[in-house]
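Student: Here's my sequence, what's the structure:
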Amino acid sequence: MAVAMKKQESKRPFNFLRWAKSRKGQQTLIIIGFSIIPLILLFTFTYFPFAKMAQFSFYDRNYIKVKGFVGLKNYIDVFKRPDIFKSLWLSLYYMAGAVIQLALALYLATIFSFGVKGGNFFKGCMFFPYLINGIAIGFIFKFFYTRGFVLDTVLQWIGFDLENLPYWLKDTSINNISLVATSVWKYFGNNMVLFIGAMMSVDSSLYEAAELDGANKWQQFKYIMLPSIKTIVMLNLIMSITGSLSAFEPPYVIMSGGGNGTATYFVKMHEVAHTSQKLGLASAMAIVLLLIIFAATILQKLFFKYVFRNAEDEDKGAAAKREKKLAKLRAKEAAKA
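Tutor: Numbering: from 1, shown residues only. The predicted structure is shown next:
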């Protein structure tokens, strides 16, 4: 009887309203409703503009008029034009600054993770620059580096002669280093906090076992802490490198639009798109930057995969030893109790 009723129900025509009122239908509609809106927004404001930008990169055009199809000429110009290619090379300054920034953040995070008097105060002071708006930081350092102002005054207090000090923003041999220093000052506190959060999640019993083995602080960092936070290290490095390729605020604000040889790739792209009105060339520059970021990300992942290739095997081998040491420690504490 039940089988016959099921067969009869299966022969009924599909009723959308009945299905929509059912529990399964409502669950399906809710899932579709919550998914379709983000997908529409993502397509409208991300994928569709990107597709149009890729299309524009093959044309010689401005914001109003299309002058003609040029094929790969815009991509060739990215590497043939000296001003654009030089701005791309300037990213190496910011990449070097990103590495220094991460090394400094990792060093300070390690110190704070082992306990320091007034550690919370110092962590707050170092994280505070990250909260300041980039434009405001640009104006702060514009006066900081100006001849005879803050930096020169402090150096004179130490004993330097003003006449022997360089022009921090005019001297082309040092102005890009000065700008990179502002980025390091702004972002290393954020990376430091991320490192500290990852280090705090490491099991404290691992440090106890390492101390029983006679490991010093450096060995604890090298063999326990660093392998445990390798994911955060890799994430921070990827974000810092990609951010260095997109540096914009320091040269644009401090140097008033990237003057005196400080125009980064993003500043030059802004100039090409909005000042020269060469939208096709600017679109090609954006596509090239995207490909460079993809390549840098893949290379970093391969690098970390090579560096930490034996970390998991070493952890498994050392885990058994640590457990034995901890078992002995617990047995001694139980005997004393």
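
Student: give the contact list for the closest residue to residue 264 other than its chain neighbours.
Tutor: Sequence neighbours aside, residue 247 is the residue nearest to residue 264 in space, at 4.7 Å (criterion: CB to CB, 6 or more residues apart in numbering). The C-beta positions use only the backbone N, C-alpha and C, and glycine is treated the same way. With contacts defined as CB atoms under 8 Å, 6 or more residues apart in numbering, residue 247 is in contact with 91, 94, 183, 264-266.

Student: Out of those, who's the most crowded?
Tutor: Ranked by neighbour count (other CB atoms under 10 Å), the contacts of residue 247 have residue 264 at the top, with 28 neighbours.

Student: Contact partners for it?
Tutor: 87, 90-91, 94, 247-248, 251, 258.

Student: mind running it again at 10 Å?
Tutor: 87-91, 93-94, 176, 179, 244-252, 255, 258, 270 (CB atoms under 10 Å, 6 or more residues apart in numbering).

Student: Now it. Its backbone dihedrals?
Tutor: Dihedral pair for residue 264: phi -80, psi 180, per degrees, to the nearest 10.

Student: Can you measure across stretch 210-219, start residue to end residue?
Tutor: Distance across stretch 210-219, first residue to last, is 8 Å (CA to CA, to the nearest Å).

Student: How about stretch 71-87?
Tutor: 23 Å.

Student: what's next to it, contact-wise?
Tutor: 56-60, 70, 88, 251, 258, 261-269, 271-272, 278-289.

Student: Those in strands, which ones?
Tutor: 59-60 (DSSP state E).

Student: What subset of the contacts of stretch 71-87 is buried?
Tutor: 56-60, 70, 88, 251, 258, 262-269, 271-272, 278-289 (16 or more other CB atoms under 10 Å).

Student: who touches residue 232 in this structure?
Tutor: 106, 109, 191, 194-195, 197-199, 201.

Student: what's the closest of those residues to residue 306?
Tutor: Nearest to residue 306 among these: residue 106, at 19.1 Å, using CB to CB.

Student: From residue 73, how far off is the closest one?
Tutor: Separation of residue 106 from residue 73 (CB to CB, to the nearest Å): 44 Å.

Student: more crowded one of the two?
Tutor: Just comparing residue 106 and residue 73: by other CB under 10 Å the higher neighbour count belongs to residue 106, 23 against 16.
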